[in-house]
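Pasting a predicted model and its sequence here:
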Amino acid sequence: MKQICSRRHPEGRGCRASRPVAGPVPGRSAHGLVPSAPTSSPGAPSDTKKTWAAGTRTAEGILGLPRLSYNRLATADQTVVVGRRPLTSATGLRRSAIALPVALLAFFAGISAIPAAAATCASLAGLALPDTTITAAQLIPAGTYTAPDGEVFTNLPSFCRVAATLTPTSDSDINIEVWVPFSNWNGFFVGTGNSGNGGVIMYGNMAPWLPGNYAVANTDLGTSPATPNSGGRFLTGHPEKQIDFATRSTNLMTVRSKEIIEAFYGERPKYSYFFGCSTGGGQGIHEALQFPGDYDGIIAFAPNMNRTHAAAAHVWDAQAFYGPANITTDQAVAVTAAVVKQCAGKDWGLTSDNFLTDPRDCHWDPSALQCTGSAADAPTCLTPPQVAALGKFYQGPINPRTGQRIYAGEVRGSESNSGYPANNAAAANQPPVQWTFGNDFDFRTFDFDHDMDAVDEQLAAILNANTADLEEFRSHGGKLLLWQGFADPQVPVLNTVAYYERLIASQMPDGRHDAAARKEAVRRTQEFARLFLGPGVGHCSGGAGPDTFDAGTPTRQWVQQGIAPDQIVASKVINGVTTFTRPLCPYPALPRYSGVGDPTLASSFKCVADEDHDDNQPPAPKYLNDGDNYPIVPINNGDRDHDDRH
């Protein structure tokens with residue numbers, strides 16, 4: 001047993017003995033109450049706490065948000081309108097709109113009055129916290145609120161907006177915002193994730209939680225003046241900012257938010273939850289691994305937690321599709337259509353599906369669309385270089401000298417989702433590559449042997465969270481709900497599946513690898529971590545599959561009542577109309593039609609364990625070594641505040 005201390009943790013919260021890791025991982029309350037209208041004017045309240053009369057109806061969150069439309073989250077009495085936002089990107093290609101792409105806000109039960117605050121909102125401006133400057137402590141009246149970035153949110157309750165700048169190092173500049181309900185706080189805290197390269201506060205990820213009376217926070221990841229889609233050039237030559245981006249900003253946002261909440265209300269949150277997708281999902285995995293006492297429940301969607309190798313994968317694709325091999329959006333759509341035509345119904349799904357339930361069962365060959373040079377060629381036929389590029393797209397990055405897999409490839413059926421692979425050139429300049437070789441590095445010269453080693457040597461311990469040992473998180477009752485679209489072309493879904501397989505391997509009985517041992521390991525893993533795959537769904541949302549569902553209620557029930565989710569019903573909503581529903585199943589199960597009943601209804605499907613022994617394209621052990629990033633902070637008694645409330 002050796003002592004491992006974090007060189008990155010800002011407050012020196014201890015070292016601890018490392019633990020041997022099993023498996024092949026290298027290196028290791030009764031009613032939901034809706035506030036009625038206040039008896040006084042809904043305008044700016046005085047800086048003294050008011051108590052709204054409790055309503056009599058249970059608050060219910062609408063289960064989803066229309067993609068690329070004004071996003072709406074509703075309770076029984078109010079609707080929050082989240083302004084129109086562009087699409088999400090894990091890699092910084094576009095400004096994120098993961099303003100909760102699927103609803104997590106139906107878990108509004110348990111709202112209750114909290115004792116009077118220990119501080120007024122204005123007095124928080126003088127709150128003294130380590131390496132922290134409070135830059136705003138503002139009481140926001142109920143109604144319409146215009147955020148500092150110009151986004152407009154309507155029908156919000158009154159809240160105290162606290163903004164702060166954190167400087168744990170001389171080169172750090174981490175911005176956070178914490179919004180706490182002015183009254184009727186439900187006792188819960190929600191940390192929310194960012195997108196791409198961060199650089200801005202994601203107000204659209206914060207506002208939807210307020211009507212449920214949650215305290216909520218977000219951080220810009222300490223990367224300003226970057227923006228989610230600006231690339232990582234602003235952090236080149238700034239190693240402390242790179243650490244802020246990867247882990248420190250999220251942890252400090254969490255720690256400071258709880259301190260601000262305690263100062264305002266006189267008590268800490270009873271339970272703490274985290275939600276994020278893409279970069280935000282990766283933040284959640286880092287929290288579970290490296291700061292396991294921060295959250296009781298973590299909802300991590302499409303987690304980008306293997307960033308050095310994700311960067312290599314984007315460079316791999318950019319090289320493959322460079323120049324004459326680049327395909328158009330129309331060609332990508334034609335490819336997906338050909339994939340679905342050949343494979344739908346052979347993968348546990350329905351023959352009528354316009355998506356694949358399990359793309360691992362599909363082995364469509366892109367040469368089927370290769371141009372022949374005849375007049376019969378379709379406008380979307382593929383040239384030989386394009387056929388070869390698609391083959392590399394599905395293959396994923398490989399070390400050319402050793403043949404070892406670096407990272408998973410993309411699955412068939414994902415080609416036309418989220419703008420990929422037609423815009424792969426935009427992903428060529430990856431932050432980890434820039435941080436290692438400089439902003440002028442030519443991606444076309446990247447060597448997937450020696451250059452990959454150089455990137456990992458410098459950044460793997462900072463950026464990656466591949467280590468599949470969450471025993472610290474599990475030890476305090478932490479629950480991890482993972483979800484990813486099974487047609488995600490930006491963060492390869494097989495990377496997440498392979499990660500979950502490593503979690504299973506870590507639970508295998510010593511020395512056993514038989515079917516009974518695997519069944520027991522799956523059971524043990526599902527006690528604290530469950531993975532749900534969305535058939536036909538793209539990155540964070542979108543695609544032809546069912547992408548509208550409530551992950552919040554099952555997570556809260558799992559954490560607070562010990563009721564693990566055996567399935568989650570997802571819907572496909574088009575122009576406000578639900579066209580079909582389908583169950584999401586805990587891996588390794590997948591939905592299978594029962595043979596009777598309406599095939600557009602989830603009730604006609606069962607969750608059945610998939611025992612096909614599919615190829616999940618696991619990376620070679622060399623590319624799973626996170627170095628010294630594990631563990632960082634042992635759980636202390638302050639992280640167990642809710643334990644005596646069960």
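Looks like it came in fine.

Run through the chain and note the low-pLDDT ranges.
Of all residues in the chain, those with pLDDT under 70 make up the ranges 1-118, 228-230, 420-426, 629-632, 636-646.

residue ranges of the helices in it, please?
In the chain, the helices defined using DSSP state H lie at 203-206, 239-243, 249-265, 279-290, 307-320, 329-343, 384-395, 431-437, 450-463, 471-475, 493-506, 515-526, 552-561.

what's the angle from the longest one to helix 279-290?
Using axes from the mean of the first three to the mean of the last three Cα atoms, to 10 degrees, the direction of helix 249-265 lies 80 degrees away from that of helix 279-290.

tell me what helix 249-265 is packed against?
Packed against helix 249-265, as judged by 3 or more Cβ pairs under 8 Å, 6 or more residues apart in numbering; DSSP states H and E, are the following elements: strand 159-166, strand 174-181, strand 188-192, strand 215-219, strand 271-277, helix 279-290. Yep, even glycine has a C-beta here, placed from its N, CA and C like the rest.

One more: the second one?
Helices and strands in packing contact with helix 239-243 are listed as helix 450-463; criterion 3+ Cβ pairs under 8 Å, 6+ apart.

how far does the helix it packs on sit from the chain's center?
A distance of 23 Å separates the centroid of the chain from that of helix 450-463, by Cα atoms, centre = their mean, to the nearest Å.

Would you mind pulling the contact partners of that helix?
Counting by Cβ atoms under 8 Å, 6 or more residues apart in numbering, the neighbours of helix 450-463 from elsewhere in the structure are 8, 239, 242-243, 246-247, 307-309, 311-312, 397, 399, 406, 432-433, 435-437, 623, 625-629.

Equivalent analysis for stretch 132-144, please.
38, 42-45, 47, 121-127, 152-167, 182, 256.

Can you say which of those are buried?
The neighbour count (16 or more other Cβ atoms under 10 Å) marks 38, 45, 121, 124, 127, 153, 155-167, 182, 256 as buried among these.

Highest mean neighbour count out of the helices of the chain?
Per residue and on average, the most neighbours among those fall to helix 279-290, with a mean of 28 (mean count of other Cβ atoms under 10 Å).

Check the offset of it from the chain's centre.
With Cα atoms, centre = their mean as the basis, helix 279-290 stands 8 Å off its chain's centre.

Show me what it is packed up against.
Applying 3+ Cβ pairs under 8 Å, 6+ apart, one finds that helix 279-290 contacts helix 249-265, strand 271-277, strand 297-301.

can these go into a markdown table with extra columns for distance to residue 411?
Formatted as a markdown table, the helices and strands packed on helix 279-290 follow (distance: least, Cβ to Cβ, whole Å):
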| stretch | distance to residue 411 |
| --- | --- |
| helix 249-265 | 29 |
| strand 271-277 | 18 |
| strand 297-301 | 17 |
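
Now stretch 578-585: buried residues?
Neighbour-count burial for stretch 578-585 flags 580-585 (criterion: 16+ other Cβ under 10 Å).

Can you name the residues in contact with that stretch?
With Cβ under 8 Å, 6+ apart as the test, stretch 578-585 has contacts from 483, 532-535, 545-546, 548-549, 567-573, 591, 599-602, 605-608.

again with stretch 256-264
Looking at stretch 256-264 with Cβ under 8 Å, 6+ apart, the contacting residues turn out to be 117-119, 121, 124, 127, 129, 132, 160, 162, 164, 166, 176, 178, 180, 189, 191, 215, 217, 268-269, 272.

how does it look with 6 Å?
Contacting residues not belonging to stretch 256-264 are listed as 117, 119, 127, 129, 132, 162, 178, 180, 215, 217, 268 [Cβ atoms under 6 Å, 6 or more residues apart in numbering].

Buried among these? Need that as a selection in ChimeraX.
Those of the contacts of stretch 256-264 that count as buried under 16+ other Cβ under 10 Å are selected in ChimeraX with:
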select :117,119,127,132,162,178,180,215,217,268
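
which one of the contacts of stretch 256-264 is nearest residue 476?
Checking the contacts of stretch 256-264 against residue 476 with Cβ to Cβ, the nearest one is residue 268 at 14.5 Å.

which one among the contacts of stretch 256-264 gets closest to residue 384?
Here the nearest of the contacts of stretch 256-264 to residue 384, counting by Cβ to Cβ, is residue 217; it sits at 51.6 Å.

Excluding chain neighbours, give the residue nearest to residue 432 in space.
residue 311 (4.2 Å; Cβ to Cβ, 6 or more residues apart in numbering).

and the one you found, what is it in contact with?
Contact partners of residue 311, counting by Cβ under 6 Å, 6+ apart, are 430, 432-433.

ok, residue 405 touching residue 620?
Yes: contact criterion Cβ atoms under 6 Å: residue 405 and residue 620 qualify, at 5.4 Å.

So which of the two has more stuff around it?
The residue with more neighbours, out of residue 405 and residue 620 and counting by other Cβ atoms under 10 Å, is residue 405; that gives 20 against 16.

how near is that one to residue 302?
Counting by Cβ to Cβ, to the nearest Å, the gap from residue 405 to residue 302 is 20 Å.

cool, residue 293 as well?
Counting by Cβ to Cβ, the separation of residue 293 from residue 302 is 25 Å.
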